[in-house]
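J.: Structure for this input, please:
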Amino acid sequence: MRNAIIISVACLILSACSPFKKLEVSVEQAPEIRIPGSLPKVAIVNMVASEASSKSYVETEFLYEGAARDGSNALCDAFLNSLGKSGQFSLQVVQYKGDDRNEHREPFPMNTAQAEKLLGDLNADMLFVVEYFFTDLKRDVSESSETDADGKPVFIAKMSGRAEASINIFYKDENGAIKVLKPVDYAQNIDIGATGSSRSDAKSNLGSSRTIISNWGSDIGRSQADRFLSKKYDIKREFYVGKTPEFKRAFKLLKEGLKMEPYGAVQPLTNDASKQIRDQAWFNLAVIAEVQGDRTKALEYLSKSDLREAYSYKSALKALLGE
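T.: The predicted structure follows:
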């Protein structure tokens, strides 16, 4: 019993004397692309569709003529809705300037002069253009060579083909100059299937061409919108404090929600004469970089620290970055 008490007290002392302190903060990661101004005005132009998609449409086993229209509209709507939910943009209604043609061709990116005119005509700070959308999907239903557990036939419905899209984005910088982002081209072979107890059951489980095409377009719209949105997440890290006044000050500043000042307190110590202090400083700079929303920079700093804790921290960051 006496030994157990001594061990428990020792553990408490070691915990209290740990040179690390826990830091828990909410982090806002800057968007990949930042549009200047408060509530920048966004114009969305669909160069494929002539009008919005209707809830009623005709799709048969062999005919579906609204593929380009519905897919491009789903893309525009998803982009608009994602930005709208953020409350960070002023959004205009979608402009339709196409003819609904589902035609396979090479994309023809909009040039800067055309974009500048549209930005002026629409009084917008940013222009999102769906320049091209094409799909060629074929449906097939067949009976499987295998049966279900009850010995009844199983039918397989398949949708196969290809979907392509091209997007152009322009925006005005702080000086009003037109910035052109590299056109984004998408191309994917589609091959999906579903089973059922009958031909009609299998087709129903597979879904309509319109649903599949619209989902593909919506995924693109949301992924493009994400490029313009900041992301919030919580981080829980340990910060090396020890007996170093600069580390203590930096930790206090971080707890107060400041992000730039802690860097100034710690960075000079990366040139300290003590290797141990330098390792601790690089470790702390990694935490500061992550708090600032830059996990890539945090990894760079960790590579310069030989603290034992730096290796596990590095592994955690690589997993978050998908490396």
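
J.: any chance you could map the helices in the stretch 51-200 of the chain?
T.: For the stretch 51-200 of the chain, the helices defined by DSSP state H, counting those that start in this stretch cover 67-86, 112-121, 199-206.

J.: Just the buried residues of the second one, please?
T.: Translated: helix 112-121. Using 16 or more other Cβ atoms under 10 Å as the test for burial, helix 112-121 gives 115, 118-119. Bear in mind the C-beta positions are built from the backbone N, C-alpha and C, glycine included.

J.: likewise the longest one?
T.: Under the neighbour-count criterion of 16+ other Cβ under 10 Å, helix 67-86 has 67-80, 82-83 buried.

J.: helices and strands around it, which ones?
T.: strand 41-46, strand 90-91, strand 126-147, strand 153-172, helix 209-226 (3 or more Cβ pairs under 8 Å, 6 or more residues apart in numbering; DSSP states H and E).

J.: Just the local confidence number for the residue lying closest to Q188 once chain neighbours are set aside, please.
T.: Nearest non-adjacent residue to Q188, counting by Cβ to Cβ, 6 or more residues apart in numbering: A163, 5.5 Å away. At A163, the predicted lDDT confidence score is 96.

J.: from memory A163 sits against I190, does it?
T.: Yes: taking contacts as Cβ atoms under 8 Å, A163 lies within contact range of I190: 5.8 Å.

J.: higher neighbour count, the two?
T.: Per other Cβ atoms under 10 Å, whichever of A163 and I190 has more neighbours is A163, with 21 against 16.

J.: check contacts around that one.
T.: When contacts are counted by Cβ atoms under 8 Å, 6 or more residues apart in numbering, A163 touches 71, 134-135, 137, 186-188, 190, 213, 216.

J.: Tabulate these in JSON lines, adding columns for distance to D272 and pLDDT.
T.: Supplementary listing: the contacts of A163 in JSON lines, determined by distance: Cβ to Cβ, whole Å; pLDDT from 0 to 100:
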{"residue": "G71", "distance to D272": "59", "pLDDT": "96"}
{"residue": "F134", "distance to D272": "60", "pLDDT": "96"}
{"residue": "T135", "distance to D272": "61", "pLDDT": "93"}
{"residue": "L137", "distance to D272": "63", "pLDDT": "89"}
{"residue": "Y186", "distance to D272": "50", "pLDDT": "96"}
{"residue": "A187", "distance to D272": "53", "pLDDT": "96"}
{"residue": "Q188", "distance to D272": "53", "pLDDT": "95"}
{"residue": "I190", "distance to D272": "58", "pLDDT": "93"}
{"residue": "I213", "distance to D272": "60", "pLDDT": "93"}
{"residue": "W216", "distance to D272": "55", "pLDDT": "96"}
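
J.: May I see the residues you listed arranged in TSV, with distance to G207 as well?
T.: Putting the contacts of A163 into TSV (distance: Cβ to Cβ, whole Å) gives the following:
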residue	distance to G207
G71	14
F134	20
T135	14
L137	11
Y186	20
A187	21
Q188	17
I190	12
I213	10
W216	12
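
J.: wait, which of those residues is closest to A250?
T.: Lowest distance from A250 to the contacts of A163 (Cβ to Cβ) belongs to Y186, with 44.2 Å.

J.: which of the contacts of A163 count as buried?
T.: Burial by neighbour count, 16+ other Cβ under 10 Å: within these this picks out 71, 134-135, 137, 186, 190, 213, 216.

J.: And these, which is closest to D173?
T.: Distances from D173 to these, taken by Cβ to Cβ, are shortest for Y186, at 26.4 Å.
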